[in-house]
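>>> Only the shape, not the letters, is given here:
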């Protein structure tokens with residue numbers, strides 16, 4: 001097995017494995033980490049050059065963002081601590097575009113310039129292949145890439161560790177921190193240091209975002225109190241609609257107004273305009289930007305309908321929305337989960353949210369928190385990312401001592417068994433203090449369905465449990481989720497989904513739930529920024545009906561089959577020939593992967 005750092009006796013084995021892969025020969029999987037091999041396959045699928053780096057360039061990237069403002073002081077401190085070491089500190093946006101690079105070592109700096117690892121260049125995996133930035137962003141998790149693990153050969157002298165930076169409210173990836181050094185100097189501390197630095201950046205973001213979103217929420221409440229009209233509040237991570245908007249507007253009209261309002265607010269000045277809505281109605285919009293001490297906070301959109309919809313029966317059907325900020329959906333099971341959680345919060349009852357991964361458990365907890373007390377602290381302790389007891393119990397003790405707020409124990413099913421007794425003791429003590437003082441934070445635990453394991457004793461501390469349904473059990477919410485998620489992916493996006501594309505999305509089983517849907521839309525948005533999404537714009541996985549999440553190799557095989565079928569206009573024999581497989585094999589694969597054969 002290759003060691004983690006691509007050095008020592010395994011170096012030759014790794015280099016040989018890479019050469020064999022590039023020559024389309026079989027590779028000894030024991031010589032390559034599974035995450036790296038999966039990335040090599042993706043790099044091949046994207047036709048990334050293996051003999052040089054050719055990255056797209058943006059001349060003037062936006063450097064006035066909450067991410068760059070929050071990260072700047074942290075990066076400066078880290079650079080000072082490194083004190084001239086041959087380590088480059090790199091900040092990118094969520095697509096791998098380099099926003100900041102700090103390098104004190106002249107030799108390393110010259111090499112990074114030669115391989116275009118500099119401000120304005122993109123190191124997304126689809127352009128550069130396997131690397132610490134693009135591969136970490138693709139997997140949405142901390143990733144180290146060393147030496148010959150890189151896909152492009154002129155990166156094999158480097159070692160790098162990339163850690164995604166997540167938005168403290170929405171949890172979505174907003175950027176990445178990468179530490180790059182010479183391969184000979186690389187070691188496990190590189191990734192450890194990167195993780196610690198990202199925690200500092202996210203702490204700064206929390207402060208900045210808290211100020212911004214409090215300002216936006218205050219203005220939203222003020223606008224709602226002024227009358228019973230339609231009111232939206234919008235920024236990069238949050239969308240709020242008042243009850244009147246949900247009641248009188250069809251989902252398509254809501255999406256159109258949100259997209260137009262977000263577009264206008266990027267100008268950061270008050271604008272009034274009229275627009276036609278999909279239902280045939282005409283609306284008058286008044287868009288007002290909101291500022292805060294930390295910078296732009298988003299904006300408020302007030303809407304007045306100047307002409308009723310041509311199809312009032314379709315447009316004015318009341319939607320039983322969960323009336324929670326920052327989430328959408330009107331399916332019966334989804335509404336029940338939202339409303340039950342809100343009811344337990346109002347009664348101060350500690351609650352377990354249970355469901356498949358990616359269903360939106362954390363989103364419900366955050367929305368209920370924002371509805372009840374948005375200015376109070378919201379603390380998430382994620383067992384999927386905590387590695388030592390101190391990382392759990394120290395912040396937990398601080399959070400439980402507060403008079404209000406919300407504490408989320410995320411991925412409780414992944415809690416190490418040895419933590420159970422100590423955690424139960426902490427929670428029991430907090431519950432007693434809460435009874436005596438009649439205050440304290442609300443506790444929520446999230447966990448995968450039917451996977452309690454070591455958490456059995458901990459669950460006894462939570463008197464209430466709410467099942468969160470998988471997306472396939474409220475699939476009709478796709479129509480509301482798609483425009484909502486497209487808006488959250490970025491205010492610069494000008495995309496709408498055609499009815500045919502929506503129908504294709506509705507047919508999918510979505511084993512990865514809302515998280516998988518968001519990943520699909522992110523793939524579309526990376527390739528086009530405006531216009532109408534048609535079925536051919538959707539990735540191959542949307543033409544399959546899967547009941548399980550596929551492995552990376554299975555996903556690539558499925559995608560290759562779908563592309564060949566599309567190229568062959570549905571002719572299975574022709575597609576099989578192009579793929580070098582028999583007709584019997586392609587028929588079996590089509591059935592196994594649930595591929596919807598184009599006609």
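Nice, thanks for sending it over. Note that the structure is a prediction, hence the values are computed from the model and not measured. Residues are numbered from 1 along each chain as shown.
>>> Please count neighbours and contacts with C-alpha atoms only from this point.
Will do.
>>> which residues does the nearest residue to residue 468 once chain neighbours are set aside contact?
Closest residue to residue 468 apart from its sequence neighbours, by C-alpha to C-alpha, 6 or more residues apart in numbering: residue 355 at 5.0 Å. By C-alpha atoms under 8 Å, 6 or more residues apart in numbering, residue 355 lies in contact with 361, 447-449, 467-470.
>>> Return the subset of those residues lying in strands.
Counting by DSSP state E, the part of the contacts of residue 355 found in strands is 447, 467.
>>> Quick check on the contacts of residue 355: which are buried?
In these, burial by neighbour count holds for 361, 447-448, 467-470, counting by 16 or more other C-alpha atoms under 10 Å.
>>> Looking at those, which one is closest to residue 570?
Using C-alpha to C-alpha, residue 470 is the member of the buried ones among the contacts of residue 355 that lies nearest residue 570, at 31.3 Å.
>>> Nearest residue to that closest one in space, please, no chain neighbours.
Distances taken as C-alpha to C-alpha, 6+ apart put residue 359 closest to residue 470, at 5.6 Å, once the chain neighbours are dropped.
>>> wait, that neighbour sits on residue 467?
No. Counting by C-alpha atoms under 8 Å, residue 359 does not reach residue 467; the two are 10.2 Å apart.
>>> now the helices for the stretch 201-350 of the chain?
243-248, 251-265, 312-315, 332-346 (DSSP state H, counting those that start in this stretch).
>>> The residue lying closest to residue 273 once chain neighbours are set aside bridge partners, please.
Residue nearest to residue 273 in three dimensions, not counting chain neighbours: residue 285, with 5.4 Å by C-alpha to C-alpha, 6+ apart. Taking DSSP bridges as the rule, residue 285 bridges to residue 273, residue 303.
>>> Just the pLDDT at residue 285, thanks.
Note for residue 285: predicted pLDDT of 86.
>>> again, but for residue 150
Residue 150 is given a pLDDT of 95.
>>> Could you report the distance from it to residue 190?
The gap separating residue 150 from residue 190 is 16 Å, by C-alpha to C-alpha, to the nearest Å.
>>> More neighbours: the two, which one.
residue 150 (27 against 20; other C-alpha atoms under 10 Å).
>>> Spit out the contact partners of the more buried one.
When contacts are counted by C-alpha under 8 Å, 6+ apart, residue 150 touches 129-131, 156.
>>> among those, who's most crowded?
Within the contacts of residue 150, neighbour counts (other C-alpha under 10 Å) peak at residue 130, which reaches 33 neighbours.
>>> List the contacts of that residue.
36, 39-40, 43, 145, 149-152.
>>> From those, which land in helices?
Assigned to helices by DSSP state H, the following of the contacts of residue 130 qualify: 36, 39-40, 43.
>>> out of the residues you listed, which is most surrounded?
Greatest neighbour count in these, by other C-alpha under 10 Å, goes to residue 39: 27 neighbours.
>>> Quick check: that residue touching residue 129?
Yes. Counting by C-alpha under 8 Å, residue 39 touches residue 129, with 7.4 Å between them.
>>> any common contacting residues for these two?
Jointly contacting residue 39 and residue 129 under the rule C-alpha under 8 Å, 6+ apart are residue 135.
>>> Buried ones in stretch 288-302, by neighbour count?
Taking 16+ other C-alpha under 10 Å as the criterion, stretch 288-302 shows 288-292, 294-302 as buried.
>>> do the same with stretch 513-529
For stretch 513-529, by 16+ other C-alpha under 10 Å, it's 513-514, 516-518, 520-522, 524-525.
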